[in-house]
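> Sequence plus predicted model, see below.
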Amino acid sequence: MEKLLTIVVPAYNVEKYIKNCLDSLIEISVLRSLEILVVNDGSTDRTPQIAKTYENKYPYSLKVLSKENGGHGSAINYAIPRATGKYFKVIDGDDWVDKSQLPKFVELLRHTHSDMISNDFNLVDDRTMKVTKRRKAASNSYHYNREWGFAEAVMDPLVTIHSMTIRTDILQKNDIRVDEHCFYEDQEYILYPIPYCTSITFSPIPLYQYRLGRSGQSVDIKMMIKRHDQHLRVLNALFDYNNVHGSLQTYKKLYLERGIAEAVDDEYQIFLAKGNDEKNIEQMKAFDLKLREEHPGVYAACSRKSVWLLRKTQFKLFPVAAWVYSRLRG
């Protein structure tokens with residue numbers, strides 16, 4: 001039976017969470033339509049052994065692929081050429097899906113030909129396990145359950161790794177690969193396919209359940225400061241990609257630059273979180289100047305008010321902004 005959806009589960013030392021993740025994917029009514037690839041990224045705990053019990057029980061749908069540790073991006077890269085499903089989706093080993101929504105999602109995929117699907121998803125507090133927010137895939141309900149081009153999609157929220165499902169052949173035929181041994185490569189994963197996509201469908205099905213508040217998460221600002229060099233590495237890769245695809249049609253170009261601008265906005269937050277240090281301020285100003293001169297489209301697409309306020313005051317408000325930011329962080 002041809003697989004409709006390949007679900008890739010990057011898994012590194014997630015023995016505490018992997019059972020919950022895999023249990024959420026074992027929905028018997030649609031299981032034969034799924035290819036679940038658990039990519040064990042060199043785990044040193046019981047992650048692969050736990051995953052193997054699922055492979056033994058559901059060998060027609062679940063495989064455990066083990067490799068040396070290379071980071072989240074390397075797990076995605078490893079899975080892309082091995083995927084056989086029509087569509088491709090990443091579910092991190094410490095996250096999960098709403099099992100009750102999985103049949104509806106599979107049915108959606110069965111009846112669409114869009115290059116990309118973007119779903120609503122839930123943010124879930126790690127301590128209470130309660131949904132704290134539902135992230136909408138579309139700006140208004142009219143945009144749901146219809147196929148759109150990027151002239152329309154550029155007006156909606158950007159697709160995220162949690163909301164995104166993409167045709168596998170787009171990744172494979174265009175040799176889409178992301179940075180390895182590096183955090184924040186999800187920005188590459190969601191933006192690199194854009195030049196090759198022509199259509200997108202938005203769905204209100206809240207499939208992905210994204211765990212927030214776990215210690216050491218890459219989105220934690222302390223970890224972002226620690227890994228600042230990796231964030232810059234991804235940003236520079238995105239800038240290069242934007243230059244290579246300079247002749248994209250207008251709306252795709254706008255979408256791509258808007259996506260890169262989101263990563264740039266995070267870069268400014270890292271500078272603010274580092275505090276009122278003269279060297280830090282000069283580095284931020286130099287970054288901003290270079291961005292304006294070399295990537296004006298991305299520069300203009302930055303949307304955070306704090307960034308524009310700093311620019312408008314020629315960064316004179318930086319000490320105040322850094323102090324306010326530190327107070328908000330607690």
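Here it is on my side, so go on. Numbers count the residues shown, from 1 in each chain.

> Please enumerate the strands of the chain.
For the chain, the strands defined by DSSP state E occupy 5-11, 34-41, 62-67, 87-90, 96-97, 116-125, 131-135, 147-148, 164-167, 200-212.

> and the fifth one, how far out from the chain's middle?
Read it as strand 96-97. Remark: strand 96-97 is offset 15 Å from the chain centroid, using CA atoms, centre = their mean, to the nearest Å.

> Equivalent analysis for the first one, please.
For strand 5-11, the distance from its own C-alpha centre to the chain's C-alpha centre is 14 Å (CA atoms, centre = their mean).

> Low-confidence ranges, the stretch 201-330 of the chain, go.
Residue ranges of the stretch 201-330 of the chain with pLDDT under 70: 214-219, 328-330.

> mind giving me the domain split of the protein?
5-212, 221-329 (automatic domain parsing).

> can you list the strands of the chain in JSON lines and add distance to Phe287 and mean neighbour count?
Where you see a C-beta, it was placed from the backbone N, CA and C, and this is true even at glycine. Shown next, in JSON lines, are the strands of the chain (distance: least, CB to CB, whole Å; neighbours: other CB atoms under 10 Å):
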{"stretch": "strand 5-11", "distance to Phe287": "30", "mean neighbour count": "25"}
{"stretch": "strand 34-41", "distance to Phe287": "31", "mean neighbour count": "25"}
{"stretch": "strand 62-67", "distance to Phe287": "35", "mean neighbour count": "18"}
{"stretch": "strand 87-90", "distance to Phe287": "30", "mean neighbour count": "26"}
{"stretch": "strand 96-97", "distance to Phe287": "37", "mean neighbour count": "22"}
{"stretch": "strand 116-125", "distance to Phe287": "29", "mean neighbour count": "22"}
{"stretch": "strand 131-135", "distance to Phe287": "28", "mean neighbour count": "13"}
{"stretch": "strand 147-148", "distance to Phe287": "34", "mean neighbour count": "17"}
{"stretch": "strand 164-167", "distance to Phe287": "28", "mean neighbour count": "24"}
{"stretch": "strand 200-212", "distance to Phe287": "28", "mean neighbour count": "22"}
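
> wait, which of those is closest to Glu107?
Closest approach to Glu107 among these (CB to CB): strand 200-212, 9.6 Å.

> so how far is the closest one off the chain centroid?
Strand 200-212 sits 12 Å away from the centroid of its parent chain (CA atoms, centre = their mean).

> among the strands of the chain, which is nearest Val307?
The closest approach between Val307 and any of the strands of the chain, judged by CB to CB, belongs to strand 131-135 at 21.6 Å.

> on that earlier part again, okay, the domains of the chain, which one's buried deepest?
Mean neighbour count (mean count of other CB atoms under 10 Å) peaks for domain 5-212 among the domains of the chain, with a mean of 19.

> for that one, the distance to its chain's centre please.
Counting by CA atoms, centre = their mean, domain 5-212 is centred 9 Å from the centre of its parent chain.

> same question, stretch 251-264
Taking CA atoms, centre = their mean, one finds the center of stretch 251-264 at 14 Å from the center of the full chain.

> ok, and what's touching it?
With CB atoms under 8 Å, 6 or more residues apart in numbering as the test, stretch 251-264 has contacts from 149-151, 153-154, 158, 184, 187, 190-191, 194-195, 231, 234-235, 238-239, 241-242, 245-246, 248, 291, 295, 297-299, 301-303.

> which ones are touching Arg127?
So Arg127 contacts Gly213 (CB under 8 Å, 6+ apart).

> Over to Ser29?
Here Ser29 is in contact with Pro103 (criterion: CB under 8 Å, 6+ apart).

> List phi and psi for it.
With angles defined as degrees, to the nearest 10, Ser29 sits at phi -60, psi -20.

> Return the per-residue confidence for it.
On pLDDT, Ser29 comes in at 97.

> Do you have the helices of the stretch 101-250 of the chain handy? List them.
Using DSSP state H, counting those that start in this stretch, the helices assigned to the stretch 101-250 of the chain run over residues 102-110, 150-153, 168-173, 186-191, 221-226, 228-244, 250-274.

> looking at these, which is closest to Ala83?
That would be helix 168-173 among those, by CB to CB, at 5.0 Å.
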